[in-house]
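Novice: How does the following fold in three dimensions:
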Amino acid sequence: MVNGEQGSNIITKETIDRILDQYISDLFRNLYYKVYHEMIEKERQFVQAVVKISRPKVKAQEIGREMDKKPGYIFFIDGN
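Specialist: Residues are numbered from 1 along each chain as shown. Below is the predicted model of the structure:
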């Protein structure tokens, strides 16, 4: 049921236009949730560090500091 359209089986362009933004928002939220929860702990720490810094461009040194790593720390995840 969408906004009181009980019993209506017809999907109109107006119905799609009305729910599309919310649908896309929910889809992205669910995608980010799934991807994040499939990450290993080191990947999550990396993402959290980038988010805390909160700028579009972040230097590796800044991420390392945020993760409490020594200078020269290289973030590497072996896919095996």
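Novice: For the helix or strand of the chain at the bottom of the mean pLDDT ranking, buried residues please.
Specialist: Ranking every helix and strand in the chain by mean pLDDT, DSSP states H and E puts helix 60-66 at the bottom, with a mean of 89. Neighbour counts over helix 60-66 (16 or more other CB atoms under 10 Å) mark I63, G64, E66 as buried. The way it works is simple: take the backbone N, C-alpha and C, and place the C-beta from them, glycine included.
Novice: Need the three-state assignment for P71.
Specialist: coil (DSSP: H, G, I helix; E, B strand; the rest coil).
Novice: That one touches G64, doesn't it?
Specialist: Yes. With contact defined as CB atoms under 8 Å, P71 and G64 form a contacting pair (6.8 Å).
Novice: what about S8, distance to L20?
Specialist: 18 Å (CB to CB, to the nearest Å).
Novice: repeat for I40
Specialist: From I40 to L20 the distance is 35 Å (CB to CB).
Novice: in terms of contact count, name the helices or strands touching the least confident helix or strand of the chain.
Specialist: helix 41-53 (3 or more CB pairs under 8 Å, 6 or more residues apart in numbering; DSSP states H and E).
Novice: average model confidence for the helix it packs on?
Specialist: Helix 41-53 shows a mean pLDDT of 92.
Novice: Would you mind pulling up the elements that it packs against?
Specialist: Partner elements for helix 41-53 (3+ CB pairs under 8 Å, 6+ apart): helix 60-66.
Novice: pLDDT weak spots in this protein?
Specialist: Where the chain drops to pLDDT under 70, the residues are 1-7, 74-80.
Novice: in it, which helix has the most residues?
Specialist: Counting residues, the longest helix found in the chain (DSSP state H) is helix 13-37.
Novice: Now do that helix: which elements does it pack against?
Specialist: Counting by 3+ CB pairs under 8 Å, 6+ apart, helix 13-37 packs on no helix or strand.
Novice: Test my guess that Y36 contacts Q45.
Specialist: No. Using CB under 8 Å, Y36 is not in contact with Q45; the gap is 11.8 Å.
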